[in-house]
Each structure stands twice: as C-alpha cells, then as structure tokens.
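Enquirer: My questions concern the predicted model and sequence given below.
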Amino acid sequence: MRNSIFLFLIVISLSCTVSTSSYKEGKFIYTKYCSSCHGLNAEGLGKWYPSLTDTSYIKINRSKLASWIRFGISRDSNAINKSRFNLVDMPENKYLQDADLCNILNYLNEQYWHQAAFNIEELNFKK
Amino acid sequence: MIKSNLIKSLLCFSLLAILSFSCTEKKLPILGPRTLKGSDTIYAQVPEFEFVDQNNSLIRLSEISKNIHVATFFFTSCPTICPKVMRNISRISDHFKNQTNISYLCFSLDYKRDSVARLIEYYTKVGFDDPKLHLLRGNQPNDIKSLAEHYLSTAVDDPTAPGGINHSGWILLVDKKKQLRSYCLGTDDIDVDRFIEDIELLMHEK
C-alpha cells in the first residue's frame, strides 16, 4: 500500500515536470501578451474581443493559427469573412519567436481544445 | 491573587487600547500638486469640463462631482493595456452595482476614431451595463489629452506606440471636491482590489 502511494507520487511528479514545460511557457507568454484582450481564461470580452475556446473553429483553422498570432488580423479581413469581430484589429506580435507561438498554442490546446499537440514543424509561420 | 488581577486588568487595558487604535478612521490622502496661500495648503482640483458620452448626453464635472467618481483614459482600438483596464472598470462597477453615489468616467483619447456611435457600440458589445458609466468623447482633438495631466495620467500621440497613443493605465478616484484621493494600475488585479477598498473608505468619509 505504502509502496503504491509512493509510486503514484513519483508518476504524478514525473508527469508534471515532463509534460507541462511547453504548457507553462505558453501560459506565461499568453498571460503577458494575449490575456489583456482575450482574457485570463480565454473568455474574450463580450462581443468586442473573441474568446478562444471554440474548438470547432480551431480545428478548421489549425494551420493558420501561428500566422494569425504573428501578423495579426485586420478588422477588414474579418468583415470580409463575416466574422462578428470586425470592430477592432488584432495586433501583430512579431517579437514572438516560432517556439513562443507553438507554446502559446500548446497551452491553449491543453487547457481548452484537447486536440493533438502542436509541433513546430507543422506550423505555418508565414503570412 | 492581586497579581493575577493586575495582569488581567493590564491585559484588558491593552486590548482596549489596540481596539480603539484600530478604530481610528483611516483617511485617504489628497494627491497631486499643492500650493500655499498664506498658511493654507491649496490642493489641485480637476478643472471643469463638459463632454458628450456614449448616449450623446452632456456630462459636466460639476454634476458628476455631486458624487465621487472613478476615472480612466482609454480608446476603443487600443491593442495593449486598455482591454485589461476596462475589464477592471467593469469589475469595479459590478462591485458597486447598488450604489448610486459613484460614477465612472472613461475618457477616449482617440478623437478621430471614437465617435459617439462607436462608443455606444463599444459599451454594448463589451457588455457594460451601468447607467453611471460614461464613455466620453472630447469636443476637440486635444482637450481630453490636456485634461489627462490633471488626472496625473499620461496621454500623448506617438506613432511608434501600439495603436498610436502612448498612455498610462491608471484608474483614479476623485472626491466631491474634485480632488484626487487614490489611484491604481488598471492592469494589476491585486492593485485594483486595494483600490476598491479605497473607494469604500471614501464613500463612508464624512
């Protein structure tokens, strides 16, 4: 019994250290650069800033996400795409590195989307 | 026996002393520049203004100052700190939902883009719901920017700043005498919690 508790604790601590580093890093960057508009819990702000928790939307646009974060989205292109969020531009974040973008996505994925993890090779960082 | 009575009474006395000490009313300081007139200290006041809000109603400081007010400077296209600051304005207004003796003034720094129509759209879509909350538009391109310094806030056009305007994210508290009494960094939730306590103090000030 005692041994199994011990084993359980080891597994827990190992799984924490191994799998959460990208998550942790992504959480830090998300909180610093994204949460002002999108909210600490990705809930958005009313109908002015979108929430980021719509998994079906994320699934359809998976390949575009990194580029969106880096180059932003103009309100005009949102209007063309008939998005409800066409009142304000999403700003560019060009100072973020490829790894930062990947970490942000993996943080949001683990927290809200529960899809296959994002890896840096699959992401499109071009406009 | 006598000794233990002495200790008891000493204990009682010190308890009483601590109690009465902690009951002394904490008062918010008066902030901002001050001058001396003879031996009287003259504190800075926010100067009178008259702006329209999101409902196209005229808002005058003299009317607003029948109550205390909370103030901040923002613009609806701000891509950096304003959303966070405005979340906290919303949180403060929710906290004092049932109070009628407080108003909120959010001054738009973007004369060009923040029309009355855009301000009402922002008010609605962000989800504000408080008749005491006013999003204000200047009468001229720069009058709100010059007002900012009286609220000890920075607001200057800066093409290199995100959104084109460099501004501080302070939230300020002003009393009925139009004097600044407290402030917090609108992007710092913990500082805002402390600020809410300051508002409560000012509300109960005699």
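Expert: Cool, the structure landed.

Enquirer: for the record, mean pLDDT for the helix or strand that contains residue B:182?
Expert: According to DSSP states H and E, residue B:182 maps onto strand B:180-185. For strand B:180-185, mean pLDDT is 97.

Enquirer: So which elements touch the following helix or strand past that strand?
Expert: Following strand B:180-185 in sequence order, the next helix or strand is helix B:189-203 (DSSP H and E). The contact analysis (3 or more CB pairs under 8 Å, 6 or more residues apart in numbering or on different chains; DSSP states H and E) places helix B:189-203 against strand B:68-74, helix B:82-95, strand B:170-174, strand B:180-185. For every residue, glycine as well, the C-beta is placed using N, CA and C.

Enquirer: Could you list every helix and strand in contact with the helix or strand just after the second one?
Expert: Okay, so that is helix B:82-95. Moving toward the C-terminus from helix B:82-95, the next helix or strand (DSSP H and E) is strand B:102-108. Counting contacts by 3+ CB pairs under 8 Å, 6+ apart, strand B:102-108 packs against strand B:68-74, helix B:82-95, strand B:133-136, helix B:143-148.

Enquirer: and if we set it to 6 Å?
Expert: Under the contact definition 3 or more CB pairs under 6 Å, 6 or more residues apart in numbering or on different chains; DSSP states H and E, strand B:102-108 sits against strand B:68-74, strand B:133-136.

Enquirer: and of those, who's closest to residue B:35?
Expert: strand B:68-74 (22.6 Å; CB to CB).

Enquirer: strand partners of that closest one, parallel vs antiparallel please.
Expert: strand B:102-108 (parallel), strand B:170-174 (antiparallel) (DSSP bridges).

Enquirer: Tabulate the ones you listed (TSV), appending mean neighbour count.
Expert: What follows is the strands paired with strand B:68-74, written out as TSV (neighbours: other CB atoms under 10 Å in any protein chain shown):
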stretch	mean neighbour count
strand B:102-108	23
strand B:170-174	24
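
Enquirer: a markdown table for those, including mean pLDDT?
Expert: Listed next are the strands paired with strand B:68-74 as a markdown table, based on pLDDT from 0 to 100:
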| stretch | mean pLDDT |
| --- | --- |
| strand B:102-108 | 98 |
| strand B:170-174 | 97 |
